[in-house]
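J.: Okay, sequence plus prediction incoming.
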Amino acid sequence: MTASVRLDSVNKIYAAKAKNPIYAVRDFTIHIEPGEIVALLGSSGCGKTSTLRMIAGFEEVSKGAISIGGREIHKLPPAKRGVAMAFEGYSLYPPLTLRQNIAFALKSEKLGSAETNRRVEEIAGLLELTRHLDRYPSTVSAGQQQRASLGRALVRKADIYLLDEPMGQLEPQLRAVLRGRLKRYLREHGLTAILVTHDQTEANALADRIAVMEGGVLQQFASPADLKEKPANLFVGTFIGEPPMNVYRVEPQIFNGRISLRARGEELFGYEPGTIDDAVVSLLERRNALVVGVRPADVAVSPLNGARGATAKVVSNQWIGDQTHLESAFGDGVIVATLDNRFAARAGEALAVDVPADKLHLFAEDGTALAHGRSLASGGAH
Ligand SMILES: Nc1ncnc2c1ncn2[C@@H]1O[C@H](COP(=O)(O)OP(=O)(O)OP(=O)(O)O)[C@@H](O)[C@H]1O
């Protein structure tokens, strides 16, 4: 009951014959392993739902191919694809109770009523719905309807499970609990699932790999850790991570082996000879300008007296319960640092900020990644 999924150069063009066709998805290629949980992540309008609906069969594929378990399915009707889908808009049947709605998904499996009931109760328990099973959709909350819709998808036996924003309506505490349960359920049954979300936490918590989309184009398909540590381009670098990566356009200067990354004539980051790997140094030698990305957690801040680093002036210092968020004026912009401890610094105070060489992300001016710390990205190799 677990299948691979392949999307090969899939395109979705709405109103293809109109004067202004809408390219919702362009040349989208991903190969998903059996039992893998994948998230499609991106901001509103990036093409996530169109992609999911093409896999389910509710939208035609304009160009390209989709296969599930090695079987090409993109021309088959939805019911023949072996897909179970939980819709963002719930789409429960109003005249049926939640129990009947969930059981309805089992009709085609022709189970006896005892087995049907057992499966419905199991899913309802997982989703904290047991107490509400005999109520009608119009008499329960949006979050309960959403869980029933999720239950209706999970209760079925299918080759793959498609989940469109499955937790969007849930309050944060329940969301965290159900995320854990959903992941355990998918894993225990070895199910292949594709989840659409615009919530990074949800994607990170649930998915083995995340497909980051923007403007209908796949930006990167990688594990949560790789997206954070080795973003393929500046879009992914700044989209993934909260607070976002600090970004500066700099001109590198190398003098007697010392490397100075400068903006408008001012040094933002300086490195003594030998602190940056040779491959990265030769990359810097070949560029007049590039973009430096620095994660807030990688910024070291210290009192000014003699500490190494450039000077920054505190703009705001917030303790958010488990972290300090420190924003300081830096160069002609700002630098945001996050620290695990409280940090005593008032607005207006000057500090030294420094970033270890192995934490620098370097991008070309067109946004292609060149290097992450010590390792060259594919764009940095030439
Ligand atoms: N039926 C349609 N007809 C015309 N354009 C559409 C249709 N459905 C979606 N679009 C357009 O296609 C693009 C991608 O939409 P899609 O819903 O796939 O994005 P999304 O990432 O899922 O966004 P959201 O998170 O807001 O649902 C958008 O520009 C959207 O306006």
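T.: Sure, I can see it.
J.: pretty sure Gly47 is touching Lys12, no?
T.: Yes: using Cβ atoms under 8 Å, Gly47 is in contact with Lys12, at 7.0 Å. For every residue, glycine as well, the C-beta is placed using N, CA and C.
J.: Find the residues that touch each one of these two.
T.: When Cβ atoms under 8 Å, 6 or more residues apart in numbering defines a contact, the residues bordering Gly47 and Lys12 alike are 24-25, 216.
J.: Including neighbour count, pLDDT and distance to the ligand, could those residues go into TSV?
T.: Written out in TSV, the entries for the shared contacts of Gly47 and Lys12 read as follows (neighbours: other Cβ atoms under 10 Å; pLDDT from 0 to 100; distance: Cβ to the nearest ligand atom, whole Å):
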residue	neighbour count	pLDDT	distance to the ligand
Ala24	23	97	3
Val25	28	98	7
Gly216	22	96	7
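J.: give the contact list for Ala222.
T.: With contact set as Cβ under 8 Å, 6+ apart, Ala222 has these partners: 209-210, 230, 232.
J.: Tell me where the model's unsure across the chain.
T.: When residues are selected by pLDDT under 70, those of the chain lie in 1, 90, 381-382.
J.: interface residues of it facing the ligand?
T.: By Cβ under 6 Å from any ligand atom, the part of the chain that sits against the ligand consists of 14-15, 22, 24, 42, 44-50, 198.
J.: Okay, and which of those residues map to helices?
T.: Mapping these onto helices (DSSP state H) picks out 48-50.
J.: Out of those residues, which comes closest to Ala364?
T.: The shortest gap between Ala364 and any of those belongs to Lys48, at 27.3 Å (Cβ to Cβ).
J.: what about the closest one, distance to Pro273?
T.: When Cβ to Cβ, to the nearest Å is the yardstick, Lys48 and Pro273 sit 47 Å from each other.
J.: Neighbour count: the two, which is higher?
T.: Between Lys48 and Pro273, Lys48 has the larger neighbour count (other Cβ atoms under 10 Å), namely 26 against 12.
J.: which residues touch the more buried one?
T.: Remark: with contacts taken as Cβ under 8 Å, 6+ apart, Lys48 is in contact with 40-42, 196-198, 213.
J.: Could you rerun that using 6 Å?
T.: Taking Cβ atoms under 6 Å, 6 or more residues apart in numbering, we find Lys48 in contact with 40, 42, 196, 213.
J.: any idea what sits nearest the first one, other than its immediate chain neighbours?
T.: Read it as Leu40. Counting by Cβ to Cβ, 6 or more residues apart in numbering, Lys48 is the residue found nearest to Leu40 once chain neighbours are left out, at 4.3 Å.
J.: One more: the last one?
T.: Closest residue to Met213 apart from its sequence neighbours, by Cβ to Cβ, 6+ apart: Gly42 at 3.8 Å.
J.: Tell me which residues touch that neighbour, please.
T.: With contacts defined as Cβ under 6 Å, 6+ apart, Gly42 is in contact with 48, 213-214.
J.: mind listing the helices in the chain by residue range?
T.: Listed in chain order, the helices of the chain (DSSP H) span 48-56, 98-104, 113-126, 142-154, 172-188, 200-206, 224-229, 234-239, 278-285.
J.: need these in a markdown table with distance to Ser67, can you?
T.: As requested, the helices of the chain are arranged in a markdown table below (distance: least, Cβ to Cβ, whole Å):
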| stretch | distance to Ser67 |
| --- | --- |
| helix 48-56 | 10 |
| helix 98-104 | 28 |
| helix 113-126 | 28 |
| helix 142-154 | 21 |
| helix 172-188 | 21 |
| helix 200-206 | 24 |
| helix 224-229 | 25 |
| helix 234-239 | 27 |
| helix 278-285 | 40 |
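J.: and of these, who's closest to Ala352?
T.: Short answer: helix 278-285, nearest of the helices of the chain by Cβ to Cβ, at 22.8 Å.
J.: hey, C-alpha coordinates of the closest one in CSV?
T.: As requested, C-alpha coordinates have been extracted for helix 278-285 and formatted as CSV (Å, rounded to 0.1, in the frame of the first residue of the first chain):
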residue,chain,number,x,y,z
ASP,A,278,41.3,28.1,-0.4
ALA,A,279,38.5,27.0,-2.7
VAL,A,280,36.3,29.8,-1.3
VAL,A,281,39.1,32.3,-1.4
SER,A,282,39.7,31.6,-5.1
LEU,A,283,35.9,32.0,-5.7
LEU,A,284,36.1,35.5,-4.0
GLU,A,285,39.2,36.4,-6.1
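J.: Contacts made by it with the rest, please.
T.: Contacts for helix 278-285 (Cβ under 6 Å, 6+ apart): 252, 370-371, 376, 380.
J.: And the residue lying closest to Leu360 once chain neighbours are set aside, how close does it get to Glu214?
T.: Nearest residue to Leu360, sequence neighbours excluded (Cβ to Cβ, 6+ apart): Val292, at 6.0 Å. Distance, Val292 to Glu214, by Cβ to Cβ: 21 Å.
J.: and if you look at Arg81?
T.: Taking Cβ to Cβ as the criterion, Arg81 is separated from Glu214 by 27 Å.
J.: Compare those two and say which is more crowded by neighbours.
T.: Set side by side, Arg81 and Glu214 show more neighbours around Arg81, with 21 against 18, by other Cβ under 10 Å.
J.: I figured the more buried one hits Ile73, correct?
T.: Yes: contact criterion Cβ atoms under 6 Å: Arg81 and Ile73 qualify, at 4.6 Å.
J.: what about the residue of the stretch 51-200 of the chain found nearest the ligand, neighbour count?
T.: The nearest approach of the stretch 51-200 of the chain to the ligand comes at His198, 5.5 Å away (Cβ to the nearest ligand atom). Using other Cβ under 10 Å, His198 has 15 neighbouring residues.
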